[in-house]
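Colleague: Could you work out the structure for the sequence below:
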Amino acid sequence: MKTDYLIIGGGSAGCILANRLSTAPENNVLVLEAGRPDSWWDIFVHMPAALTIPIGNSHYDWMYESEPEPFMNNRQIYHARGKLLGGSSSINGMIFQRGNPLDYERWARDEGMKNWDYAHCLPYFKRMENCLAGGDPFRGDQGPLKLERGPGQTPLFKAFFEAVQQAGYPLTKDVNGYRQEGFALFDRNIHRGRRLGSSRAYFHPAKHRPNLQLRCRVMVTRILFEGKRAIGVEYKEGKGSLQKAFANEIVLCGGAFNSPQLLQLSGVGNSADLENHGIDVIQDLPGVGENLQDHLEVYIQYACTQPVSMQPSLKKYKRPWIGLQWLFRKGPAATNHFEAGGFISGNENVTYPNIMFHFLPLAIRYDGTSPSGGHGYQVHVGPMYADTRGTVKISTTDPQKHPKIHFNYLSTPTDRQEWIEAVRTSRRILEQPAFTEFSGGEISPGPGVKTDEEILDWVARDAETALHPSCTCKMGNDTMSVVDPNSMKVRGLERLRVVDASAMPYITNGNIYAPVAMMAEKAADLILGLTPLEPEQVAFFRKGETDRIAQQ
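Modeller: Okay, here's the model as predicted:
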């Protein structure tokens, strides 16, 4: 089997590249996805409010776990990753956040990264999106990814927006526009009551092209090389024997865990680590599997004294009626309930917002459990650019065994201080007068957690990942870089590229699906040798500015 482009992984980035690379009929594209198809009848994928069901279910989820985290009481932190076409965009929270423009200015300050500043990234954000909330110079309105703004219609959302202002924080028109800092209704990749991840927005519209082929339940076990040139892959389909496929170009889109794992299994990585496993070294790249970054979060939960939350929609006896409503694209199942939130600076020393909030009109965890039997509300909160760094390393040459993952959460003084600020700020917002008529008291962490030490102890016991692993094959030109930022090629190798969250040099402010999608859009042009979109120099909000705030 020989093709022009072989894409390893039909996830968030892989589906986008499959669409873009197969646009020209002369390009033959093969996608090998280890998971299963995202079948049209699978309501747990397509129903936004059912997002808690796939997480922790081996039918949908690769179910990674970290190694014991030393600063979190040696807990092993569970980490969901999508096990089907669309990857994690088929099981995530559907929150669309680009990050702060200054995230990309930070990227561009690294050597060789000047073409990844905000001006160069903005046109690719705009190309991919169709922002149904209305266009402006920051937003696109013709792209395949339709974005609906959260309605935020319950009284609790109104109280939340009043409370943040009472606490001294501004509102903003659009966290993906001129000003991220502040609070607003969020964009979601939901269209007409259904999830719109990469598979549905990009792959399915292109799947009938004769030059695009998808094979699911195919696990790539190794990338094949002739010298420094990637020529193909070894793979296993189901329980069958090992087979091979060859291509002129190979694009690895396995994500922050699988991409470094597959590179290491194929002889690309830290030579000492590879030799310890008896793997022949193809290219010594010590940065493979290093620089792991993620967002950690906690749930600050309050009981609600009035019957205005969405908690009753969790009752089992209501599910048939709610499901019937969803068939007509409406009702509580047609939203992800992550409809509002915002970004603030936790202290005066940071140059732009470093704490994110999601507000929900119910008290619930990602796994669907609820600590209160009645009405409730909560914020998800956590620092956005912690200075902790982790690793992803193989522990065996068996490709079906997960690698060892160390995040090193809470391992630095700065990270711990930002956590104290995040929890205290959340409480200050939720205890403002706007919530007086609704508040039945704090459920989690509860009034027994007061001091800085008690807060950190609770975070160590209770925090969960926000599911944003990234940066383990970072772009750049230093000794720890893995990917060339001008071509997405693996450094020192030919015909092998990495395009996914692992290629990010630094994690962005917010959920990372949108930045990954932007990277895939931009990478498609680089791979095809097309003239990149012209950079768009627009003024965006910077800390300390007062102009345009009232209008934004």
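
Colleague: Grab the nearest non-local neighbour of the residue nearest the centre of the chain.
Modeller: Centroid-nearest residue in the chain, with C-alpha atoms, centre = their mean: Ile512, separated by 3.3 Å. Distance criterion C-beta to C-beta, 6 or more residues apart in numbering; nearest residue to Ile512, sequence neighbours excluded, is His468 at 4.6 Å. All C-beta spots, glycine's among them, are computed from the backbone N, C-alpha and C.

Colleague: Quick check: which element contains Arg427?
Modeller: For Arg427, the enclosing helix or strand under DSSP states H and E is helix 413-430.

Colleague: going on from that helix, what's the next piece of helix or strand?
Modeller: strand 439-444.

Colleague: returning to what we had before: in contact with the residue nearest to the centre of the chain, which residues are there?
Modeller: For Ile512, the contacting residues are Gly99, His468, Ser470, Ala501, Met504, taking C-beta atoms under 8 Å, 6 or more residues apart in numbering as the criterion.

Colleague: Next, give me the two most distant ones among the residues you listed.
Modeller: Gly99 and Ala501 (12.1 Å; C-beta to C-beta).

Colleague: Overlap in contacts, the two.
Modeller: Ile512, Pro515.

Colleague: circling back to that earlier point, got the angle for the helix holding Arg427 vs strand 439-444?
Modeller: What separates the directions of helix 413-430 and strand 439-444 is an angle of 160 degrees, with axes from the mean of the first three to the mean of the last three C-alpha atoms, to 10 degrees.

Colleague: what residues are up against the residue lying closest to Gly87 once chain neighbours are set aside?
Modeller: Nearest-residue entry for Gly87: Gly11, 2.3 Å, with adjacent residues in sequence omitted and distances by C-beta to C-beta, 6+ apart. Contact partners of Gly11, counting by C-beta under 8 Å, 6+ apart, are Glu33, Gly82, Gly86, Gly87, Ser88, Ser89, Ser198, Cys253, Gly254, Gly255, Asp500.

Colleague: Next: Val288.
Modeller: Val288 makes contact with Pro260, Leu263, Gln264, Val268, Gly269, Asn270, Thr472, Cys473, Val482 under the criterion C-beta under 8 Å, 6+ apart.

Colleague: Including secondary structure, distance to Ala334 and pLDDT, could those residues go into JSON lines?
Modeller: Converted to JSON lines, these look like this (DSSP: H, G, I helix; E, B strand; the rest coil; distance: C-beta to C-beta, whole Å; pLDDT from 0 to 100):
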{"residue": "Pro260", "secondary structure": "helix", "distance to Ala334": "37", "pLDDT": "98"}
{"residue": "Leu263", "secondary structure": "helix", "distance to Ala334": "40", "pLDDT": "98"}
{"residue": "Gln264", "secondary structure": "helix", "distance to Ala334": "42", "pLDDT": "98"}
{"residue": "Val268", "secondary structure": "strand", "distance to Ala334": "44", "pLDDT": "98"}
{"residue": "Gly269", "secondary structure": "strand", "distance to Ala334": "44", "pLDDT": "98"}
{"residue": "Asn270", "secondary structure": "coil", "distance to Ala334": "47", "pLDDT": "98"}
{"residue": "Thr472", "secondary structure": "coil", "distance to Ala334": "35", "pLDDT": "98"}
{"residue": "Cys473", "secondary structure": "coil", "distance to Ala334": "37", "pLDDT": "98"}
{"residue": "Val482", "secondary structure": "coil", "distance to Ala334": "41", "pLDDT": "98"}
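
Colleague: Now the buried members of these.
Modeller: The neighbour count (16 or more other C-beta atoms under 10 Å) marks Pro260, Leu263, Gln264, Val268, Gly269, Asn270, Thr472, Cys473, Val482 as buried among the contacts of Val288.

Colleague: Of those, which is the nearest to Leu171?
Modeller: Using C-beta to C-beta as the measure, the one of the buried ones among the contacts of Val288 that approaches Leu171 most closely is Thr472, at 36.1 Å.

Colleague: does the closest one really touch Val392, like I thought?
Modeller: Yes - at 5.1 Å, Thr472 and Val392 qualify as touching, with contact defined as C-beta atoms under 8 Å.

Colleague: what sits in contact with each of those two?
Modeller: When contacts are counted by C-beta under 8 Å, 6+ apart, Thr472 and Val392 are jointly contacted by Ala256, Phe257, Pro260, Gly289, Leu292.

Colleague: from memory the second one sits against Arg81, does it?
Modeller: Yes - with contacts counted by C-beta under 8 Å, Phe257 reaches Arg81, the gap being 6.6 Å.

Colleague: and for those two, which residues touch both?
Modeller: Residues within reach of Phe257 and of Arg81 at once, by C-beta under 8 Å, 6+ apart, are Tyr64.

Colleague: Where in this protein is the helix or strand with the lowest mean pLDDT?
Modeller: Scoring the helices and strands of the chain by mean pLDDT, DSSP states H and E places helix 319-327 at the bottom, with a mean of 67.

Colleague: Thr388: neighbouring residues, count only.
Modeller: Using other C-beta atoms under 10 Å as the criterion, Thr388 is surrounded by 19 other residues.

Colleague: Check for me that it belongs to a helix.
Modeller: No - for Thr388, which was evaluated using DSSP: H, G, I helix; E, B strand; the rest coil, the result is coil, with no helix membership.

Colleague: confidence score at it?
Modeller: At Thr388, the pLDDT value in this model is 97.

Colleague: which stretches of the stretch 51-200 of the chain aren't confidently modelled?
Modeller: The stretch 51-200 of the chain contains residues with pLDDT under 70 at 134.

Colleague: and for whichever strand in the chain runs longest, what are the contacting residues?
Modeller: Scanning the chain for the strand with the most residues, using DSSP state E, yields strand 242-252. Applying C-beta under 8 Å, 6+ apart, the external contacts of strand 242-252 come out as 1-9, 14, 17, 21, 30, 32, 221, 223-224, 230-237, 259, 262-263, 488, 490, 495-500, 523, 527.

Colleague: Stretch 449-461 too?
Modeller: Counting contacts by C-beta under 8 Å, 6+ apart, the residues outside stretch 449-461 that touch it are 71-73, 75, 296, 298, 410, 416, 419-420, 423-424, 445, 448.

Colleague: can you name the two of those that are farthest apart?
Modeller: Of all pairs drawn from those, the one with the longest distance (C-beta to C-beta) is Arg75 and Arg424, at 23.0 Å.

Colleague: between these two, who's got more neighbours?
Modeller: Neighbours of Arg75 and Arg424, each counted by other C-beta under 10 Å, are more numerous for Arg75; the result is 18 against 12.

Colleague: Identify the residue nearest the more buried one in space, chain neighbours excluded?
Modeller: Excluding the flanking residues, the one nearest Arg75 by C-beta to C-beta, 6+ apart is Glu69, at 5.6 Å.

Colleague: Equivalent analysis for Pro286, please.
Modeller: Taking C-beta to C-beta, 6+ apart as the measure, Pro286 lies nearest to Asn270, with 4.5 Å between them; neighbours along the chain are not counted.

Colleague: Isn't that neighbour up against Ile279?
Modeller: No - the pair Asn270 / Ile279 is not scored as a contact, 10.7 Å apart, by C-beta under 8 Å.

Colleague: I'd say Pro170 and Ala184 touch.
Modeller: No - when contacts are counted by C-beta under 8 Å, Pro170 is not listed as touching Ala184 (9.8 Å).

Colleague: Out of those two, name the residue with the larger neighbour count.
Modeller: Under the criterion of other C-beta under 10 Å, the comparison of Pro170 against Ala184 puts Ala184 first, with 24 against 16.

Colleague: a strand runs through that one, doesn't it?
Modeller: Yes - residue assignment for Ala184, taken from three-state DSSP, places it within a strand.
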